[in-house]
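Novice: return a 3D structure for these sequence lines:
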Amino acid sequence: MDLSASTLRYRLISGPLQLEPLRILASRRADWQDWKVTFHVLGASHAVRLQRGETTLIELLACANVEGAPPVLLDLAGNTPQTACHHVAGLVCQVALVPFALEEGDALQGAFVRSDRLELAYAAPSGSPIPYTRIGWRLTERELTLETVHTYPEERIGIRSRSRFQREEAER
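Specialist: I've put the predicted structure just below:
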């Protein structure tokens, strides 16, 4: 697997998907409205699983191809500034991807309480800068907002994602 900003892909997936082949390194679970939400730090990537009854949505930002994936609703290159929106399962899902130079700093830009964050440093060769994945989320009655940072020190680049999941009726 090529762990490079150039191979990073954002996917919004509709349906169940086994994440275990991607190495789940840390997870946290929360309830939002009638959704069960699980935040995962994967090997140099992240996933967010939203489940309600038989409905599953997965946000996946990873360098790996996903074998046997259910329908992919959004598929975006991670290293290109992009925005997208998709309506599914009564939610409006909006995402923005923003590459940035690591010299600008790699902290999350939003203010997230400690219980609503996951951060993982990855092993790096001795003397090399350490790559990170950082996830922060905020749950309100109306929406789930999410910010992530994935760093690629050898390329001197980071990728920031911002996602918002909002009930369709709340959008009006």
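
Novice: in the protein, what residue spans correspond to strands?
Specialist: In the chain, the segments counted as strands under DSSP state E are 9-14, 24-32, 35-42, 45-52, 55-62, 72-77, 82-88, 91-101, 117-121, 132-139, 143-152, 157-167.

Novice: got a markdown table for those, with distance to Gln109 too?
Specialist: In short, each C-beta sits where N, CA and C put it, glycine included. A markdown table is the format used below for the strands of the chain (distance: least, Cβ to Cβ, whole Å):
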| stretch | distance to Gln109 |
| --- | --- |
| strand 9-14 | 18 |
| strand 24-32 | 20 |
| strand 35-42 | 18 |
| strand 45-52 | 16 |
| strand 55-62 | 16 |
| strand 72-77 | 20 |
| strand 82-88 | 16 |
| strand 91-101 | 10 |
| strand 117-121 | 13 |
| strand 132-139 | 9 |
| strand 143-152 | 7 |
| strand 157-167 | 7 |
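
Novice: mean pLDDT, mean neighbour count and distance to Ala107 added to those, as TSV?
Specialist: As requested, these are arranged in TSV below (pLDDT from 0 to 100; neighbours: other Cβ atoms under 10 Å; distance: least, Cβ to Cβ, whole Å):
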stretch	mean pLDDT	mean neighbour count	distance to Ala107
strand 9-14	94	20	21
strand 24-32	95	14	18
strand 35-42	96	20	16
strand 45-52	95	20	16
strand 55-62	95	21	18
strand 72-77	94	16	23
strand 82-88	97	13	22
strand 91-101	97	18	11
strand 117-121	94	15	10
strand 132-139	96	21	7
strand 143-152	96	22	7
strand 157-167	96	20	10
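
Novice: so which of these is nearest Leu108?
Specialist: Taking Cβ to Cβ, strand 132-139 is the member of the strands of the chain nearest to Leu108, at 4.5 Å.

Novice: within the sheet, what are the partner strands of the closest one, with directions?
Specialist: The pairing partners recorded for strand 132-139 under DSSP bridges are strand 117-121 (antiparallel), strand 143-152 (antiparallel).

Novice: wait, Val41 touches Tyr122, no?
Specialist: No. Using Cβ atoms under 8 Å, Val41 is not in contact with Tyr122, being 9.7 Å away.

Novice: common neighbours of those two, please.
Specialist: Residues touching both Val41 and Tyr122 by Cβ atoms under 8 Å, 6 or more residues apart in numbering: Thr133.

Novice: quick check, pLDDT for Leu111.
Specialist: For residue 111 the amino acid is Ala, not Leu. The per-residue pLDDT reported for Ala111 equals 91.
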